Each structure stands twice: as structure tokens, then as C-alpha cells.
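Visitor: My questions concern the predicted model and sequence given below.
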Amino acid sequence: MNSPVRFPFASFVQIQRDLETPIYLQISNHIISAIQRGILYPDQKLPGARTLSAELEVHRNTVTAAYEDLSQQGWINIQQNKGAFVLPFSNENINKRTKSIQNDIYYPQKTGFSFQESNLLDNPFEYIPCDFVFNDGTPDIRLTQIDDLSRFYSANMKRKSNRKKMGYYNQEGSEYFKKHLSNYLNVSRGFHISPQNLLITRSIEMSLYIISELLLQADDLVIVAELSYFSANMIFQKSGARIQSIPIDEEGLCIDSLIETCKEQTPRMVYVTPHHHYPTTVSLSSKRRLALLELAKEKGFIIVEDDYDYDFQYEKLNNLPLAATDNSGMVVYVSSFGKSLAPGFRTGFIVAPKNLMVEMQKYLGIIDRQGDVLMEQALGEMIDDGIINRHLKKSLKVYRERRDHCIKLLHLHLNGWVDVNIPTGGLALWLRWKKPVNLMQLSQRCQKKQLFIPKTLLYQNKNITAIRMGFGHLTFDEMENSLLIIKSVLEEI
């Protein structure tokens, strides 16, 4: 492959004229090292002897000798009237001399300095290619309106009238997008916010990271539910906070237990997912919502409300977000927008009072100064055009049908094994096992039959055996095939 870009050979071919090793062998050795390290790739065309000799300030014959040496060892192929090309790297073209020089020319495997390693942020997510895969509740990319997304995005790249809007952009985010998003949230979630109450981020996890860095200090107490979102817990602990869990039942977080905890020590923060609790999918009752807001106002702790799937509501809404009824400024609201769209068009955001937003913008300016103005501009126009509402309405109908069908299949195939409640929204079900089952063993056996169930979906201790099963990404046939695999494994156990 002949690259149109001039490659900087002098950056890695370092000639030392005081060595006993001939210069042509030094050049050969450095090129071999570059091939082994992937700096030079298979089929890449090397510069001509005249060009490389000028760059390295050596005689042309020296480069010619180096190329002949490389060719004899099987590292390059010299084609008459075409040039020299790199051959694929394999063990066959390593001879004794090249093995010996690897100790002298290599990229270091470890740093020369010490640093603190963390197990808290180890990636818990797994991926194994199987015919069928469970997740914790994600949309189906196949339902995405790719044509609409492409049309709006490409239009923003071409339309001259948008240049002014795109210029009205800084590290705080696209003001055009924030204006339309704040209007959208006011209508759909009962907020009374302005663009100054919004911080646009890349994801919910990024939002939680900014919140933790700003609001948490070492040894602060953070209250979470007994079963809670693992990524959030990892982020809070990385900030040095202490995590304490309190029970959850069919009405959501047990506020009475939180009151008892506050008698001993007031927490700095309480993290909740009130609309559809992660992972159990239960909703926090109206009575407990009011009690939580009153307790936060009385004790002065922060409520971080993670509303990760508010847009996926199948029943008549009974409760608005906590942030919509918070008059005391105790709630920091975290959610995402465009979750039903393609991954590149999804974004996270934070809603908070203006004084806190000023500080959050400083943190965002450090970790994501540039943002994605074209994507934000396209999303703003999709809100303004009504595309978002139409797409959400259409996809909600599909997801509700999938929820109902998945529950029907569970009753049909796993009736004696699991209990499942019908969630009012979201893209996941909470399966509680009525019989003792080793979930890790179940997962491993299902994997052999082409169904992958990640360990992050498994919840098992002395008090509970349950699986959070996403249904949104599965068609009817995929659901049935997956559940039949689980059924066949259960019959073998």
C-alpha cells in the first residue's frame, strides 16, 4: 500500500556512528523493530533508497544494502520498477540476530515509575459472541430511524444558515440544543428549567463522575439501595466515599430505614433510580417520594436522581421526577436523551440549580471541552421538527408489545421456575427464581448453547436469586429461542 503521507523514518531510525555495528545493519535493525511493533504495516511501501538516504543523511548505497539485508531475511519484498514493500510479520522471519536486537530496540512493557492501580474501575462488562445475548435493558438498534438521523446530521454539515448556530457554541454545550432540550423536558417531565440549568454530557456515567468529583470527598457517606447500579457504586467509591445500602421492597427504597440511618450519621448523598429501580424495576411510591424530599431538606443531604429510562413509559404516568417537585434545591437530576436512537446520537445530561451548574461546567471543560456540536445541533433540530416524539411514540408501541410477549413466554416456558412482575416502563424484567438455582452455572451452560447471560445481570446471595433480563433488543423469535435454551438447561440440572 502506497501512502500519500510522508512517513517520518528519522523518528525511529536512530543512527549511532560511534558503534561498531555497520550503519546499514543499524538501519535494517531499526526497520525490523518498527515492523515488529506495528509502526510499519504489511504491504506498506518503503521510500526509495535515494529518498531515505537523504532523510537519514547517509549514502544511497547504505540504504540499498539495508534493503537487501531485509529482503534476504524475509522482512520486505523488493519488486523491480515498483519498490520495496513490507511483508507480514511472522515467527518465520525472525533469525538469531533479530532476536538478539529485540532487547535493545523495543517499546517498554512497563512504566519506569510507580503509580496506584485500582480494581474499583475494572470493566465489569463482558461480551462473548453468541447467537443470543441478554443485556440489562437497551433499545433495539434495528428500530432506529437511520434515514432521519443521517438526513439531519448531513444537513447540519452543509447548511450555511446553521453556521451561526454552530458558532454559538462553547464548552458549556450547544445553546441551540439546550434551548430545545429544556423545552422538551419542561413539557414531558414537568420541569420549569431554562438552558442555564442543563449540562450536556456524553453519558449518565460521565454525569455521575462529574457529580462525584465535585460533591464528594473522602469518607463521605453515600446511601444506595441494597440492590443498586454497579457502575454508580464504582464511581462513588472511586471518589473515596463510603457506600452503605438500605433495603428495597415493592414500593421502592425503604425510607424508614433511611431515617434510622440518619439518626446515627447524616449521609452526604442518596442515590436513587425512582421511576424504575435498577435492577428490580419497581417504582418509588408517591408517599415515599414526598418523605425522601422532606428528609433531604431537613437533614441537608443531596439526592442524586438517576432517571435512566424515563422516556420508556407504557402506562399512564402517576409520578413526575423528584426534581420536578423539588422546591429546595436538594435534587441533582441525571438522565439521557435519545436512548432510542443510534448510539452516536445519544447524550447524557444533568439538571441542577444554576450555582451548581457553574461549577459543573468547569469540570466538563476539562474532560470534554470540544463536545460534539454537529450531533447536538442535529438533535436540537429533531426536537424542533417533532421527529423525536414521532419516533418515540412508534418505538414505545413495539417495546410494549415485546414486554407483554416476553412475559407470556416466561409463563409458558419457565412458569414453575420464576416469578415476574409487569413493569410500568423500561426495557427490562426482574426474574425472581422460586427454586434454588446456581445462576453462574446456568449462565455457563447457556453459553455453550449460544445464549450469553453476562454476570452483571445475575443477583444471587443468601436472600435472593434473580436475573435482570432486558427484552427491548429482542424480537419475538429471539425471545422464544433464548428462553427455550434456559428451559433446556434447567431440565438438565
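Guide: Yep, it's here. What you are looking at is a predicted structure, and each value in this text was computed from that prediction instead of being measured. Residues are numbered from 1 along each chain as shown.
Visitor: which stretches of the stretch 51-200 of the chain have low pLDDT?
Guide: 89-107, 119-125, 145-150, 152-153, 155-173 (pLDDT under 70).
Visitor: which residues of it fall in helices?
Guide: Along the stretch 51-200 of the chain, counting by DSSP state H, counting those that start in this stretch, helices occupy 60-73, 96-101, 146-158, 163-167, 175-189.
Visitor: Against which helices or strands is the helix or strand containing Leu356 packed?
Guide: Per DSSP states H and E: Leu356 is located in helix 354-367. Other elements packing on helix 354-367 under the criterion 3 or more CB pairs under 8 Å, 6 or more residues apart in numbering; DSSP states H and E are strand 198-201, helix 204-215. From N, CA and C alone the C-beta is placed, and that goes for glycine too.
Visitor: what angle do the last one and helix 354-367 make?
Guide: By that I understand helix 204-215. If you take axes from the mean of the first three to the mean of the last three CA atoms, to 10 degrees, helix 204-215 sits at 110 degrees to helix 354-367.
Visitor: Counting neighbours, what do you get for the closest residue to Gln265 other than its chain neighbours?
Guide: Leaving aside its chain neighbours, Gln265 sits nearest to Leu221 (5.9 Å; criterion: CB to CB, 6 or more residues apart in numbering). Per other CB atoms under 10 Å, the neighbour tally for Leu221 reads 19.
Visitor: What pLDDT is listed against Leu221?
Guide: As predicted, Leu221 sits at a pLDDT of 97.
Visitor: Tell me how far it lies from Gln72.
Guide: Look at Leu221 and Gln72: by CB to CB, to the nearest Å, they are 69 Å apart.
Visitor: Pull out the buried positions in stretch 435-455.
Guide: Applying a neighbour-count criterion of 16 or more other CB atoms under 10 Å, the buried positions in stretch 435-455 are Val437, Leu439, Leu442, Ser443, Arg445, Cys446, Lys449, Leu451, Phe452, Ile453, Pro454.
Visitor: Skipping adjacent residues, who's closest to the last one in space?
Guide: Right, Pro454. Per CB to CB, 6+ apart, closest to Pro454 is Glu126, 4.8 Å.
Visitor: hang on, that neighbour packs against Thr456?
Guide: Yes. Using CB atoms under 8 Å, Glu126 makes contact with Thr456 at a distance of 7.5 Å.
Visitor: So which of these two has more stuff around it?
Guide: Ranked by neighbour count (other CB under 10 Å), Glu126 and Thr456 place Thr456 first, with 15 against 10.
Visitor: That one belongs to a strand?
Guide: No. Per DSSP: H, G, I helix; E, B strand; the rest coil, Thr456 lies outside any strand segment and is helix.
Visitor: Identify the residues contacting the helix holding Leu356?
Guide: Contact with helix 354-367 is made by 171-172, 196-199, 201, 206, 210-211, 213-214, 332, 350, 352, as judged by CB atoms under 8 Å, 6 or more residues apart in numbering.
Visitor: still on that earlier bit, just tell me which of the helices and strands packed on helix 354-367 ends up closest to Lys82.
Guide: Ranking the helices and strands packed on helix 354-367 by proximity to Lys82 (CB to CB) places helix 204-215 first, at 49.5 Å.
Visitor: same for the closest one, what does it pack against?
Guide: strand 198-201, helix 230-238, strand 302-307, strand 331-337, strand 347-351, helix 354-367.
Visitor: before we move on, the earlier item: show only the entries of the buried residues of stretch 435-455 found in helices.
Guide: Leu439, Leu442, Ser443, Arg445, Cys446 (DSSP state H).
Visitor: Contacts only, for the last one.
Guide: What it means is Cys446. Counting by CB under 8 Å, 6+ apart, Cys446 has contacts Phe452, Ile453, Ile485, Ile486, Val489.
Visitor: hang on, isn't the last one packed against Leu442?
Guide: If I follow you right, that is Val489. Yes. Between Val489 and Leu442 there is a contact under CB under 8 Å: 6.0 Å.
Visitor: Ile116: neighbouring residues, count only.
Guide: For residue 116 the amino acid is Gln, not Ile. When neighbours are defined as other CB under 10 Å, Gln116 has 4 of them.
Visitor: right, I mislabeled it, should have said Ser71
Guide: Neighbours of Ser71 (other CB under 10 Å): 15.
Visitor: Test my guess that it contacts Phe85.
Guide: No. Between Ser71 and Phe85 there is no contact under CB under 8 Å: 10.3 Å.
Visitor: Which strand residues bridge the closest residue in space to Leu87 that isn't next to it in sequence?
Guide: Distance criterion CB to CB, 6+ apart; nearest residue to Leu87, sequence neighbours excluded, is Asn77 at 5.5 Å. Per DSSP bridges, the residues bridged to Asn77 are Phe85.
Visitor: related to what we said a few turns ago, show me what contacts the residue nearest to Gln265?
Guide: Ala241, Arg242, Gln244, Gln265, Thr266, Pro267, Arg268, Met269.
Visitor: you'd agree the third one is up against Ile223?
Guide: In this case it means Gln244. Yes. Between Gln244 and Ile223 there is a contact under CB under 8 Å: 5.7 Å.
Visitor: quick one: which of those two has more around it?
Guide: The neighbour comparison of Gln244 against Ile223 (other CB under 10 Å) goes to Ile223, with 23 against 13.
Visitor: I'd guess Leu379 is in a strand, am I close?
Guide: No. Leu379: not assigned to a strand; according to three-state DSSP it is helix.
Visitor: Pretty sure it sits against Thr347.
Guide: Yes. When contacts are counted by CB under 8 Å, Leu379 is listed as touching Thr347 (6.9 Å).
Visitor: Need the overlap of contacts for the two.
Guide: Phe337, Gly338.
Visitor: Same drill for these two, tell me which one is more crowded.
Guide: Using other CB under 10 Å as the criterion, Leu379 and Thr347 rank with Leu379 on top: 30 against 23.
Visitor: pLDDT at the more buried one, what is it?
Guide: So, for Leu379, pLDDT stands at 82.
Visitor: Could you check how far it is from Leu392?
Guide: Per CB to CB, Leu379 is found 13 Å from Leu392.
Visitor: I figured Leu46 was touching Gln79, is that so?
Guide: No. The pair Leu46 / Gln79 is not scored as a contact, 11.2 Å apart, by CB under 8 Å.
Visitor: Now list whatever residues contact both of these two.
Guide: Phe85.
Visitor: if you count what's nearby, which of those two comes out ahead?
Guide: Leu46 (21 against 10).
Visitor: wait, what's in contact with that one?
Guide: By CB under 8 Å, 6+ apart, the neighbours of Leu46 are Ile31, Leu40, Leu52, Tyr67, Ile76, Gly83, Ala84, Phe85, Val86.
Visitor: rerun at 6 Å
Guide: By CB atoms under 6 Å, 6 or more residues apart in numbering, the contact list for Leu46 reads Ala84.
Visitor: Now do the phi/psi pair for Leu418.
Guide: Careful, residue 418 is Val and not Leu. phi -130, psi 150 (degrees, to the nearest 10).
Visitor: Quick check: it touching Leu431?
Guide: Yes. When contacts are counted by CB atoms under 6 Å, Val418 is listed as touching Leu431 (4.5 Å).
Visitor: Report all helices and strands that the helix or strand that contains Ser395 contacts.
Guide: Assessed by DSSP H and E, Ser395 sits inside helix 387-413. Contacts defined by 3 or more CB pairs under 6 Å, 6 or more residues apart in numbering; DSSP states H and E place helix 387-413 against helix 476-492.
Visitor: Show me what the helix it packs on is packed against.
Guide: Using 3+ CB pairs under 6 Å, 6+ apart: helix 476-492 touches strand 132-133, helix 387-413, helix 439-448.
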